[in-house]
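Trainee: A predicted structure for the sequence below; I have some questions about it.
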Amino acid sequence: MRDLRRDRIPHGNLPLELDTFVGRAAELAELVRALDSERLVTVTGAGGVGKSRLAVRTAARCTPRDGVWRVELAPVRDEEFVDYAVVEALGLVDHTTRLPRETLLAHLADRELLLVLDGVEHLVDACASLAADLLGRAPGLRVLAVGRRPLAVAGERVVPLAPLSPEESVELLTVRAGQRHAGHGYDASPNEGYGEMRELCRRLDGIPLAIELAAGRLGALSPRQILQRLDDRFRLLTGGDRTALPRHRTLRTAIGWSHELCSPGERLLWARLSVFAGSFDLEAAEYVCSGDGLPAEEVLDVLSALLAQSVLIREETPSGVRYRMLDTVRAYGADWLEATGDAARLRRRHRDWYVGLATWCELEWFSPRQREVATRVDAELPNLRGALEHSLTEPDETHLGQYLAGSLWFHWVGCGRLSEGRRWLEQAVRLDAEGPAGEQSRLKALWVLGYVAVLQGDTVQALAALQECREQAERSANPTAVAYAEHRTGCLALVTDDLPRAETLLRSALHRYREIGELNSNVLMGQVELAMVRAFQGDLPDAVRLCEDVRQVCEDHGERWARGYALYVLAYAAWSDGEPRRARELLADCLRGAHRFRDQLGSVLAVELLALVTVAEGDAAEAAVLQGAAGRMWPSVGLRLFGSAHYNVPHELCEAAARKQLGDERYEEFVRHGALLGRREVMTRALRRPGPPAALPLPRGAGRRATAGARTAKPAASPTRKGGETAG
């Protein structure tokens, strides 16, 4: 048998190592040639025929300058979320009010990359519209679509994928059987059992998914036994839908046959697991799927049996071991779940689990597990979307949807998902929920919506949401909602340069937080924002005191996100006091944290200030490069900080010094170079150690005039440490 090597693929979001790939040499070559000559290629074929695996392997052979990016669309149920899924897959962060399509167009305009849209058949209209728009405006883009039917877009090259040849089928069967059942001696060479294995593959029409399912059974049954059982099932089932394509009937029959061989408990779990969108972990499966014939303590054993039979796929992810079903297998289970009449109950249990998860994550965001929380929510986003959609469309569960949308504030804000968060929040606050719980949930959604709108630079909508929140909170005597509404309104005043009003509101909010015992990342951000106000008013020592207090609280609680903004202010103070080396150290720490959380505002603020520090160290050329990199980042940040007289001072100081040393022409040249850098390149460049500083002098008075927050107001909500000073 030929060597089954593991290929390495270019940068992007695909895994570095690909699984064993069997057969398809001719199809692989054809697809590679098609992508060399066409900008839109669609691989079509029956479910389970191996389209996705071939597409990924083809992508591994492509080396566009900006990488290969795969978008898995199977978990996406609503066409509105296709664009969001692509933004997410590309790792883009956009804090503005732009639609995700506009964000994609801006990002892809001058890039050369391959975009793999995997699983387009249930979202054809949305995917066709997206592909047409992107290809029309991004000349360096190529799209490889994967689905059961073409997109029907002008210029599309369709590559239909047939089943495996007999030889390839047998090879796949033996390879998979050997991997799963070591010691059974399966191989693809002609021997006593070769004829039976070849016949088995023939009966399965060479469909890889069906063959994978059969391979999962070879540990318990011989090829002859499988053939006998398969013959019975085929005679029983293939006469069903005569309008279906033969390969579609074969696949459904093969899945049905695998289903028949499952024990009652395995069938039950298969059906119940179909409520998950995307992947899930064991704890979720144990909670959602247990009960009524399947005790929680038995879920692991039953799940392991489904895994051994290839009904489930196990994945190692940054958030731990997770499981998923291929979409065809999941759909089969969903049909059975509907037939049992238990689907509504399972969807409620699914929603309950993810509401509970969001509650836990919101609490743990203010803890040493902050990074873990960010990773976990990223992994669970398809399921959280499902829970939101369910809650916001069920009349009696509206308050849970409002609560869930509000509780995920840390994800929308801290992890770069403002646009999607705003969509859910706006949908949530349009609905009325009855009772005290409903009122409280809607108030939370309102202040979070105001927060998101502030960060997106949408002053009118932010003020409307925050005023409504405060008025309703005062009527219902809800001190927590009043505090958050007041805090966010203070943030709005800060970023619009109304410093006296900002100080009054932020001090009042911090006082309210202390009175009700509120302490979390939002509270600490409120104190950082007050520090910015004090700095802008010329009291840098007071700003430093406030941020050192925040820094200590963060150290005590393991908090990293709000800490980054406190470090930013402290770095500015260090630069202002003529300590560029210390300022650089603080900014490096700040920038690492912002990058980990995909916090675009925190990242661009740190880069801008690092440029100012760099020019102070004597490297005007590198400072100009960093300014160019920041200039490319700013359009994705909603806050219009360059319009602020206070926030714009550091940029102006850096530019003036760099232009003076380099001259206008060279300065602009270095800025243009910086504008070509991607996020990872900016991080690498910003964090590398500088050479010996040549100390370009900048007047210390100018630094104090710019003041500590030179562009940092990440509106956040909340007071400060209990017993700690919150105002100067």
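Mentor: Happy to help now that I have it. Every value quoted in this text rests on a predicted model; they were computed, and no experiment measured them.
Trainee: where in the stretch 451-600 of the chain is pLDDT low?
Mentor: Low-confidence regions of the stretch 451-600 of the chain, defined here as pLDDT under 70, do not occur.
Trainee: what about the nearest residue to residue 69 once chain neighbours are set aside, how many neighbours?
Mentor: Distances taken as CB to CB, 6 or more residues apart in numbering place residue 12 nearest to residue 69, at 4.8 Å, with adjacent residues excluded. The C-beta positions use only the backbone N, C-alpha and C, and glycine is treated the same way. Counted by other CB atoms under 10 Å, the residues lying close to residue 12 total 21.
Trainee: residue 12 pairs with what?
Mentor: Counting by DSSP bridges, residue 12 is bridged to residue 68.
Trainee: now residue 602: how far from residue 497?
Mentor: Per CB to CB, to the nearest Å, residue 602 is found 21 Å from residue 497.
Trainee: who are the neighbours in contact with the residue nearest to residue 69?
Mentor: 59, 67, 68, 69, 70, 113, 114 (CB atoms under 8 Å, 6 or more residues apart in numbering).
Trainee: that older thread, okay, residue 602 and residue 497: which has more neighbours?
Mentor: residue 602 (25 against 14).
Trainee: in a helix, that's where the more buried one is, yeah?
Mentor: Yes. Judged by DSSP: H, G, I helix; E, B strand; the rest coil, residue 602 forms part of a helix.
Trainee: test my guess that it contacts residue 592.
Mentor: No. Counting by CB atoms under 8 Å, residue 602 stays clear of residue 592, with 10.4 Å between them.
Trainee: tell me which strands and helices the helix ranked longest in the chain is in contact with?
Mentor: For the chain, the longest helix by residue count, based on DSSP state H, is helix 370-393. Counting contacts by 3 or more CB pairs under 8 Å, 6 or more residues apart in numbering; DSSP states H and E, helix 370-393 packs against helix 343-364, helix 398-407, helix 409-414, helix 418-429.
Trainee: what comes up buried for the longest one?
Mentor: This means helix 343-364. 343, 346-351, 353-355, 357-358, 361-362, 364 (16 or more other CB atoms under 10 Å).
Trainee: off-centre distance for that helix?
Mentor: Put simply, helix 343-364 sits 19 Å off its chain's centre (CA atoms, centre = their mean, to the nearest Å).
Trainee: what's it packed up against?
Mentor: Applying 3+ CB pairs under 8 Å, 6+ apart, one finds that helix 343-364 contacts helix 282-289, helix 327-340, helix 370-393, helix 398-407, helix 409-414.
Trainee: can you give me phi and psi for the closest residue to residue 138 other than its chain neighbours?
Mentor: The shortest distance from residue 138 to any non-neighbouring residue, by CB to CB, 6+ apart, is to residue 108 (3.9 Å). Main-chain dihedrals, residue 108, degrees, to the nearest 10: phi -90, psi -10.
Trainee: report the contact partners of residue 108.
Mentor: 134, 137, 138, 140, 141.
Trainee: low-scoring stretches of this protein, by residue?
Mentor: 1-11, 15-20, 181-193, 230-251, 254, 638-643, 690-728.
Trainee: what residue spans form the domains of it?
Mentor: 25-160, 166-261, 264-341, 342-414+423-447, 478-728 (automatic domain parsing).
Trainee: can you show me the strands along the protein?
Mentor: If DSSP state E is used as the criterion, the strands of the chain fall at 40-44, 68-72, 113-118, 141-147, 157-160, 313-317, 320-324.
Trainee: mind putting those in TSV, mean neighbour count included?
Mentor: As requested, these are arranged in TSV below (neighbours: other CB atoms under 10 Å):
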stretch	mean neighbour count
strand 40-44	25
strand 68-72	21
strand 113-118	24
strand 141-147	25
strand 157-160	16
strand 313-317	12
strand 320-324	17
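Trainee: count the neighbours of residue 63 for me.
Mentor: By other CB under 10 Å, neighbour count at residue 63 equals 12.
Trainee: phi and psi next, for it.
Mentor: According to degrees, to the nearest 10, residue 63 has phi -130, psi 60.
Trainee: distance of it from residue 114?
Mentor: 9 Å.
Trainee: now do residue 563
Mentor: Residue 563 is 38 Å from residue 114, by CB to CB.
Trainee: and what of residue 396?
Mentor: 46 Å.
Trainee: quick one: contacts for residue 607?
Mentor: Counting by CB under 8 Å, 6+ apart, residue 607 touches 591, 626, 629, 630, 633, 682, 686.
Trainee: if you could redo that for residue 321, that was the one I meant.
Mentor: For residue 321, the contact set (CB under 8 Å, 6+ apart) comprises 281, 282, 314, 315.
Trainee: what's the farthest-apart pair in those?
Mentor: Within the contacts of residue 321, two members stand farthest from each other by CB to CB: 282 and 315, at 12.4 Å.
Trainee: anything in contact with each of those two?
Mentor: Overlap of the contact sets of residue 282 and residue 315 (by CB under 8 Å, 6+ apart) consists of 321, 323.
Trainee: count the residues that sit near residue 462.
Mentor: 24.
Trainee: give the contact list for it.
Mentor: Contacts of residue 462 by CB under 8 Å, 6+ apart are 450, 451, 453, 454, 488, 492.
Trainee: ok, the closest residue to the second one other than its chain neighbours - how many residues close by?
Mentor: The shortest distance from residue 451 to any non-neighbouring residue, by CB to CB, 6+ apart, is to residue 488 (5.1 Å). Other residues lying near residue 488 total 34 when counted by other CB under 10 Å.
Trainee: for residue 488, give its distance to residue 416.
Mentor: 19 Å.
Trainee: repeat for residue 474
Mentor: Applying CB to CB to residue 474 and residue 416 gives a distance of 33 Å.
Trainee: now do stretch 216-230: distance to the chain's middle.
Mentor: 41 Å.
Trainee: buried sites along it?
Mentor: For stretch 216-230, by 16+ other CB under 10 Å, it's 216, 217, 218, 223, 226, 227, 230.
Trainee: show the contacting residues for residue 159.
Mentor: 27, 30, 31, 34, 41, 42, 43, 44.
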